[in-house]
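J.: kindly return the folded structure for what I paste below:
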Amino acid sequence: MTDTRRIVQRATFAVILFPFGLLAQSVPTATQSLQLSTFLIATETSSGFQGAKSFDITSGGNLTLLMYRYLNTGVEVRGSYPIHSGSVIGQKSILVGPKFEYPKSVLRPYADLLVGRGRISYLDGGYVAGTVKYIRSDSAVFSPGIGCDLYLTHRIAMRVDIQYQSWDSPAASSGRITPGLVSVGGTYNFDFNSRHLE
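T.: Residues are numbered from 1 along each chain as shown. Below is the predicted model of the structure:
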């Protein structure tokens, strides 16, 4: 192959690739499409049973598919453990399910639909209903909820969370209780994108 042919081939490749080079520079730097976060929130639970309330700690994590400006979807896992249960019942649970988030500036309102398992402990020696004393019972738990993260930095946010749950309870006259949970706390994002510097 002569030098002239080599020069022509290289020039042709340069002409073909040049527009792609310009295009690559005009496209924004790639960002992560998945985001991992964790949260820790303090929860006040109205148990839905004999007017009992408790104070719980709830923690968990989210794996979110970022779709920017529209709707972020993901999976949430959370667990709750009673810190102060009074003298009627204590509830602990582990839940998982889809989460849908609307990213709006520093506010990110969301809704989730969680299911899982929970355990009710009937305190102060158990709860007597009729001729039966209940010490504890296990239940499937259904927990739809809403909330909002307020981002203070790219990684850290304050969280408000509300859940409305449904539990089976053989000690309740209806066989079911519907706890309401209100939580406040914080969220931390694990950012694997080096372009975000704080």
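
J.: packing partners for whichever strand or helix holds G97?
T.: G97 belongs to strand 89-101 when assigned by DSSP states H and E. With contacts taken as 3 or more Cβ pairs under 8 Å, 6 or more residues apart in numbering; DSSP states H and E, strand 89-101 sits against strand 53-65, strand 72-84, strand 107-122, strand 136-151. C-beta: built from backbone N, CA, C; applies to glycine.

J.: between those strands, which gets nearest to T45?
T.: Set against T45 and scored by Cβ to Cβ, the helices and strands packed on strand 89-101 come closest in strand 53-65, at 4.8 Å.

J.: in that closest one, what counts as buried?
T.: Buried residues in strand 53-65, defined by neighbour count with 16 or more other Cβ atoms under 10 Å: S54, D56, T58, G60, G61, N62, T64.

J.: in CSV, list the helices and strands packed on strand 89-101 along with distance to P179 and mean pLDDT.
T.: Below are the helices and strands packed on strand 89-101 laid out as CSV (distance: least, Cβ to Cβ, whole Å; pLDDT from 0 to 100):
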stretch, distance to P179, mean pLDDT
strand 53-65, 9, 94
strand 72-84, 10, 94
strand 107-122, 9, 95
strand 136-151, 9, 96
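
J.: need those in TSV (columns: distance to G90).
T.: Converted to TSV, the helices and strands packed on strand 89-101 look like this (distance: least, Cβ to Cβ, whole Å):
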stretch	distance to G90
strand 53-65	6
strand 72-84	4
strand 107-122	5
strand 136-151	9
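
J.: relative to Y164, which of these is closest?
T.: Judged by Cβ to Cβ, the one of these that comes nearest to Y164 is strand 136-151, at 6.1 Å.

J.: pick out whichever of the buried residues of strand 53-65 sits closest to S169.
T.: So of these, ranked by how close each gets to S169 (Cβ to Cβ), first place is S54, at 14.4 Å.

J.: residues in contact with the closest one?
T.: For S54, the contact set (Cβ atoms under 8 Å, 6 or more residues apart in numbering) comprises E44, T45, S47, P82, I83, H84, S85, G86, I89, G90, Q91.

J.: returning to that earlier point: dump the strand holding G97 to PDB, restricted to CA.
T.: Provided in PDB are the C-alpha atoms of strand 89-101 (Å, rounded to 0.1, in the frame of the first residue of the first chain):
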ATOM      1  CA  ILE A  89     -48.800  -4.600  72.500                       C
ATOM      2  CA  GLY A  90     -45.500  -4.200  70.700                       C
ATOM      3  CA  GLN A  91     -45.100  -4.700  67.000                       C
ATOM      4  CA  LYS A  92     -42.100  -5.500  64.900                       C
ATOM      5  CA  SER A  93     -42.000  -6.100  61.100                       C
ATOM      6  CA  ILE A  94     -39.900  -6.500  58.000                       C
ATOM      7  CA  LEU A  95     -41.300  -5.200  54.800                       C
ATOM      8  CA  VAL A  96     -40.400  -4.900  51.100                       C
ATOM      9  CA  GLY A  97     -42.000  -3.500  48.000                       C
ATOM     10  CA  PRO A  98     -42.000  -1.000  45.100                       C
ATOM     11  CA  LYS A  99     -41.400   2.700  45.700                       C
ATOM     12  CA  PHE A 100     -42.300   5.500  43.200                       C
ATOM     13  CA  GLU A 101     -40.600   8.900  43.600                       C
END
